[in-house]
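Colleague: This is a predicted model, with the sequence first.
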Amino acid sequence: MTTIVVLVEQSQGNVRRASLEALGAAKSSGARVVAVVALVDGSESAAPTLAKHGADRVVVLKGDGRSSPDRSAHDIAAVVREEGAKACLAAASSNGKQLMPRIAAELDSTVFSDCTGLDLSGATPKAVRPWLAGKLIATLESNAPVFCATLRPNTFAPRAAPAAGELVTKPSSAVLKALVASIDAKGGGKLDVKEAPVVISGGRGMKGPEHFALLDELAAAFGNAAVGASRAVVDAGWRPHSEQVGQTGKTVSPQLYVAVGISGAIQHLAGMRTSKVIVAINKDADAPIFKVADYGIVGDAFEVVPALTAAVKAVRSQR
Amino acid sequence: MNIVACVKRVPVTEAQPKIAADGKSVDATGIEYMLSFYDDLAIEEAIRTKEKLGGEVTVLTIGHAEASKELRDALAKGADKAAILKDANWAARDPRSTAKVLAKKLQELGAQIVFFGRVATDRDNSAVGAYVATLLGWPCVTDVVKLELAADKGKACRETEDGVETVEFALPAVITCDKGLNEPRYSGLKGIMAAKKKPIDELAFEDVPNQQAVAKLEPPPARKEGRVVGQGAAAVPALIEALRDEAKVL
């Protein structure tokens, strides 16, 4: 039986959903799945959750409280070798993306980034991923010794697949090149646009940074939403780059994407067209965003958004 | 300090690529190119590092034979010299192969600090910078939005889903540059004239075979036809109904 190693990340004591999605993708291939909890000090508390989601084995790497991407990558690569794994998967999160190339380099294997599909059943692993910012979709074949890939969040489903979850604790190595000195946490556990199930994005149609409060309120009404922005408003300094959706920002695949006052330039569409459901609110009935939207409202954001916020609140309070 | 910016020529972000007859490559007809967006930040940071700490800036690229146009622009902005690895296989080269070729050249160039863009906006791998650093046994900080460099060490901030990480490292090192790190300068007439005298060296390199092959390229799945549910705030109930009962996302 083949083995797949999955890098697991935690956030505020919980396993990230994107990591459970990677476990699900590994489990779906029928392989034996080894979950590695490696960042800073791995926590054993993740083990029961990982076992429920398909981890046959949980390797927790214990350090000295210090965090180094080089150390994490080195130690994960060591687990891949020890387990004789044929694949190593992680979420295409900021940690997954910074670690996987280092892991792959240690294993003399290439990297498949931000995959939206996998086929690990045959002798030649295959990955499906966006090409030229999602304007095309590529199917890639691997002849690497270890198939190293990051998976786009919100694309693969976590699986309820109870497994042994045998807990193994290992000491971290002494490899410390780049060292994380501090982490300045975002306020209130704010969701990142890449991970949020609902993304509310604003563009030039919001007319000024002060009006993004309307989108914050709509996001709060959904409860599980993050606020995004078009390149135009980030370049204008209305919103931080960390919120930019598009080819020179972040690529998102939420369950629901609401584009408010965004015309839908091709660079923006490249960053959100794999969203499950797209809603467009725009004054201009001819805006290209309506071509990719499932549902559109032609109208003024300043009238539509508050009404939508009230209506979403009403629906959610009925639960 | 020996400073290198590694850059890539990519199709312009407005490009609408077509699939070639073989079904697995891009039809290059009519495609225009630019320097990958984040590589401008890498060049700017390299020049600022020279202005602060002294030294020499080399701009290095592997790829398209015509990428010397982008290199010339970097020289006009203030880089001292440029090197191009003309790659007949540039459209197919995978991250490992690219990183191996570049790591060897960076060693030959005696680089002490290397800047990459956070991601090349054609393949979107975000892989080569960290891969190169690991091959060289150097520290690397990715997605950097703030950087303080001294002659032998540095401190960099990177944005993650959880907040901003501050990372300390010793040189030599690799930094991948994210938007917000700096505002790239434009080249002026004086720089453009000066760039004409600066060298662009064509370097030979030993090929490294790919471990990744494109089996197929396809257009993205067409989204199913959408509809406008109405005009203005009066359309909100219809939208709510559609999201709740039809799309089941509410």
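Modeller: Structure received.
Colleague: Could you tell me how many residues sit around the nearest residue to residue B:47 once chain neighbours are set aside?
Modeller: Once flanking residues are discounted, residue B:47 sits nearest to residue B:78: 4.3 Å by C-beta to C-beta, 6 or more residues apart in numbering or on different chains. C-beta here means a position set from N, CA and C on the backbone, and glycine is covered the same way. Using other C-beta atoms under 10 Å in any protein chain shown as the criterion, residue B:78 is surrounded by 20 other residues.
Colleague: Show me how chain A divides into domains.
Modeller: Following automatic domain parsing, one finds the domains of chain A at A:3-171, A:187-317.
Colleague: so where's the stretch 101-250 of chain A shaky on pLDDT?
Modeller: Residues of the stretch 101-250 of chain A meeting the criterion pLDDT under 70: A:186-189.
Colleague: quick one: the residue nearest to residue B:47 from residue B:187, how far?
Modeller: Between residue B:78 and residue B:187 the computed distance is 8 Å (C-beta to C-beta, to the nearest Å).
Colleague: Could you export the longest helix seen in chain B as PDB, CA atoms only?
Modeller: Ranked by number of residues, the top helix in chain B under DSSP state H is helix B:37-53. The C-alpha coordinates for helix B:37-53 follow below in PDB (Å, rounded to 0.1, in the frame of the first residue of the first chain):
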ATOM      1  CA  PHE B  37       4.500  42.000 -11.900                       C
ATOM      2  CA  TYR B  38       6.300  41.000  -8.700                       C
ATOM      3  CA  ASP B  39       9.700  41.000 -10.400                       C
ATOM      4  CA  ASP B  40       9.500  44.800 -10.700                       C
ATOM      5  CA  LEU B  41       9.500  44.800  -6.900                       C
ATOM      6  CA  ALA B  42      12.500  42.400  -6.800                       C
ATOM      7  CA  ILE B  43      14.500  44.800  -9.100                       C
ATOM      8  CA  GLU B  44      13.500  47.800  -7.100                       C
ATOM      9  CA  GLU B  45      14.600  46.100  -3.800                       C
ATOM     10  CA  ALA B  46      17.900  45.000  -5.300                       C
ATOM     11  CA  ILE B  47      18.600  48.600  -6.400                       C
ATOM     12  CA  ARG B  48      17.600  50.000  -3.000                       C
ATOM     13  CA  THR B  49      19.900  47.500  -1.300                       C
ATOM     14  CA  LYS B  50      22.800  48.700  -3.400                       C
ATOM     15  CA  GLU B  51      21.900  52.300  -2.600                       C
ATOM     16  CA  LYS B  52      22.000  51.500   1.100                       C
ATOM     17  CA  LEU B  53      24.700  49.000   1.500                       C
END
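Colleague: Who are the packing partners of that helix?
Modeller: Helices and strands touching helix B:37-53, by 3 or more C-beta pairs under 8 Å, 6 or more residues apart in numbering or on different chains; DSSP states H and E, are strand B:2-7, strand B:56-63, helix B:68-77, strand B:113-117, strand B:140-149, strand B:173-177.
Colleague: Assign a three-state SS to the nearest residue to residue B:204 once chain neighbours are set aside, would you?
Modeller: Spatially, and ignoring its direct neighbours in sequence, residue B:204 is nearest to residue B:85 (8.0 Å; C-beta to C-beta, 6+ apart). Classification of residue B:85 using DSSP: H, G, I helix; E, B strand; the rest coil returns strand.
Colleague: list the contacts for residue B:85?
Modeller: Residues near residue B:85 by C-beta atoms under 8 Å, 6 or more residues apart in numbering or on different chains: B:60, B:61, B:62, B:63, B:101, B:105, B:202, B:203, B:204, B:205.
Colleague: now with 6 Å?
Modeller: Shown in contact with residue B:85 (C-beta atoms under 6 Å, 6 or more residues apart in numbering or on different chains): B:62, B:203, B:205.
Colleague: What's the separation between residue A:305 and residue A:265?
Modeller: Using C-beta to C-beta, we find residue A:305 at a distance of 21 Å from residue A:265.
Colleague: Could you check which of those two has the larger neighbour count?
Modeller: Of the pair residue A:305 and residue A:265, residue A:305 is the one with more neighbours under other C-beta under 10 Å, namely 26 against 19.
Colleague: So what does the more buried one have for phi and psi?
Modeller: In terms of degrees, to the nearest 10, the main-chain angles of residue A:305 are phi -60, psi -50.
Colleague: residues near the closest residue to residue B:164 other than its chain neighbours, how many?
Modeller: Leaving aside its sequence neighbours, residue B:164 sits nearest to residue A:184 (C-beta to C-beta, 6+ apart; 4.5 Å). As a burial measure, residue A:184 scores 10 neighbours (other C-beta under 10 Å).
Colleague: Then residue A:283?
Modeller: 14.
Colleague: so which of the domains of chain A gets nearest residue B:92?
Modeller: domain A:3-171 (10.6 Å; C-beta to C-beta).
Colleague: ends of the closest one, how far apart?
Modeller: 22 Å (C-alpha to C-alpha, to the nearest Å).
Colleague: Ok, stretch B:238-250 next?
Modeller: Using C-alpha to C-alpha, the end-to-end distance of stretch B:238-250 comes out at 13 Å.
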